[in-house]
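> Mind folding the following:
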Amino acid sequence: MCVHDHNALPAPDSALARRSVLAGAAALAGLGVLGVPSASAAVPALAAPAAGAAAASAPSGRPSAPGYPGSAPETRPLVIEGGTLVDPVTGDATADAVVVLDGGRVVAAGDRDATRKAVAGVAGRADVVDAAGRFVVPGLVDAHVHANALEDARLILHNGATTVRSGSSSFYQDIALAALPEWAPGLSPRMHPAGLFVSPELGDSVLADPELAPLAALTDGVREEKALAHLTGVNRKRGATVIKTRANPRAGLPEQDPLELVYGEEQLAAIVRAAKGAGVLCHSYSAEGIAGAVRAGVRSIEHGVFVDGATLADMAARGTYFTPTLAGIASMQGSADPVLAERGREYAPVLREAVRAAADAGVGVVAGTDSFGTDVTPIGTEARALADAGLPALEALRSVTTRPAALLGVEREVGRLVKGAVADVVLLDSDPLASAAALEQVSAVIAQGRVVRNDG
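Okay, the predicted model is just below:
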């Protein structure tokens, strides 16, 4: 629900130059110079490129960094055996299944007969994870997070989200995090970065890049179409693969009115044009703001409490997705601030009904936690909240796998454990086809081919 101030982090060093933006972001994220963990580190790994990663790739397919003589680490093959493999596409479950990972990809997944050749191919080289008694699902996707440091990324990853879409960062930290998986497998989820929030008030984020200096002189903030296009273009130039903007203020700040219109349809359309194909996610609450954002061509509506039936029909026709961040909105009910507590009591039931109406209208509902910093909500908690609002268990599973993968354009690699998919796997203690609550019961996470957590 964006209760946080996106621009609250300290400003970077004043000597930050244009070509050192990404390095500065990495420093702000808590990454030391070439701070790659050893193979025995507690948080392990990836081999396939993350979307939006800044590193170039060598002809061999291995990443390279100009001027850096080292090479990216390789991960050992991994065999996950004995669990029940769940396919979010078909809803099928395969008992006593095997998943073989090698080179950052799924080599085989299925019953023992179907995977026998693949297992033999990694014999003597592979590590083995015993998944007996557990349920094997693809790595989960959180479609709305705010990760500004390595610890944020670690917590998100350990809760099962191996792919995430950023809802913006303060100083391009998400862009730096997107580059890490190739070099430090398992240190960060696969990040689809947004860069800076396209919002009227940039605050200290104007210091993230020298090219943003002209925006500091705007007395009314970033509102004119040419300023919006400039900020969006700088984000894209720095490596943002999605763009985050807003139609309304934040619901989680009592002094703000979340139904006030910040950007109208024409302004949002200017952002969509300047994004040049990068999906735009739009923070919006009011019926007017949501409708304008959808007509402007945004890729997804975030929060969307007061979306109406006509706009849901328009979203379904256009293929616009809905990220309700339901658990975050509902959590306001427990706020010590009376304004926020009342807002939570009012908004939560309305949003639950909006989720049901969106699903009935054929709108793609995706799970996003709106986690900020180390205040991380497990992605499974949001999936359970969506199920509590009326989504069947299989649809809740799809909200954290296949559906956000399609939103991000990575459905051939993410959201399903089939040959060629990325080597991201989550083990659950109970059956997600029986209850979405199972998605909160994460006991192991394999990210980018490396085990980062295994409680079993």
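
> Does the residue nearest the centre of the chain belong to a helix, a strand or coil?
Central residue of the chain (CA atoms, centre = their mean): Val164, 1.9 Å from the mean position. For Val164, the secondary structure call by DSSP: H, G, I helix; E, B strand; the rest coil comes out as strand.

> Which pLDDT value goes with it?
On pLDDT, Val164 comes in at 98.

> Surely it is in contact with Asp142?
Yes - at 4.7 Å, Val164 counts as touching Asp142 under the criterion of CB atoms under 8 Å. From N, CA and C alone the C-beta is placed, and that goes for glycine too.

> Now list whatever residues contact both of these two.
Both Val164 and Asp142 are contacted by Ile156, Pro189, under the criterion CB atoms under 8 Å, 6 or more residues apart in numbering.

> I figured Leu268 hits Ser284, correct?
No - contact between Leu268 and Ser284 fails when scored by CB under 8 Å: they sit 9.2 Å apart.

> what do the two both touch?
Jointly contacting Leu268 and Ser284 under the rule CB under 8 Å, 6+ apart are Ala247, Ala293.

> More neighbours: which of those two?
Of the pair Leu268 and Ser284, Ser284 is the one with more neighbours under other CB atoms under 10 Å, namely 31 against 27.

> Enumerate the positions of the longest helix anywhere in the chain that are buried.
The longest helix of the chain (DSSP state H) is helix 338-361. By 16 or more other CB atoms under 10 Å, the buried positions in helix 338-361 come out as 340, 343-344, 347-348, 351-352, 354-355, 357-359, 361.

> Repeat that for stretch 245-265.
For stretch 245-265, burial by neighbour count (16+ other CB under 10 Å) applies to 245-254, 258-259, 261-263, 265.

> Among those residues, which one sits closest to Val272?
Distances from Val272 to those, taken as CB to CB, are shortest for Thr245 (8.9 Å).

> Tell me the helices and strands packed up against the helix or strand containing the closest one.
Using DSSP states H and E, Thr245 falls within strand 242-246. Judged by 3 or more CB pairs under 8 Å, 6 or more residues apart in numbering; DSSP states H and E, strand 242-246 is in contact with strand 161-166, helix 225-238, helix 265-275, strand 279-284.

> for the record, mean pLDDT for the helix or strand that comes right after the longest helix of the chain?
Using DSSP H and E, the helix or strand that follows helix 338-361 in sequence is strand 371-372. If you average the pLDDT over strand 371-372, you get 95.

> which strands and helices sit next to strand 371-372?
In this structure, strand 371-372 packs against strand 140-146, with contacts taken as 3+ CB pairs under 8 Å, 6+ apart.

> Okay, now the sheet partners of the strand it packs on, with direction.
Using DSSP bridges, the strands paired with strand 140-146 are strand 161-166 (parallel), strand 371-372 (parallel).

> For the first one, report the contacting residues that lie outside it.
Pointing back at strand 161-166 there. Under the criterion CB under 8 Å, 6+ apart, residues 139-147, 156, 174, 189-195, 242, 244, 281, 368, 379, 400, 404-405, 407-408, 410, 414, 424, 426, 445, 447-448 lie in contact with strand 161-166.

> Can you turn the buried part of those residues into a PyMOL selection?
To isolate the buried members of the contacts of strand 161-166 in PyMOL, using 16+ other CB under 10 Å:
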select buried, resi 139+140+141+142+143+144+145+146+147+156+174+189+190+191+192+193+194+195+242+244+281+368+379+400+404+405+407+408+410+414+424+426+445+447+448
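
> And Glu201, its phi and psi?
Phi and psi for Glu201, reported as degrees, to the nearest 10, are phi -100, psi 110.

> That one: neighbour count?
For Glu201, the neighbour count with other CB under 10 Å is 14.

> these two touch, right, it and Gly221?
Yes - contact criterion CB under 8 Å: Glu201 and Gly221 qualify, at 5.3 Å.
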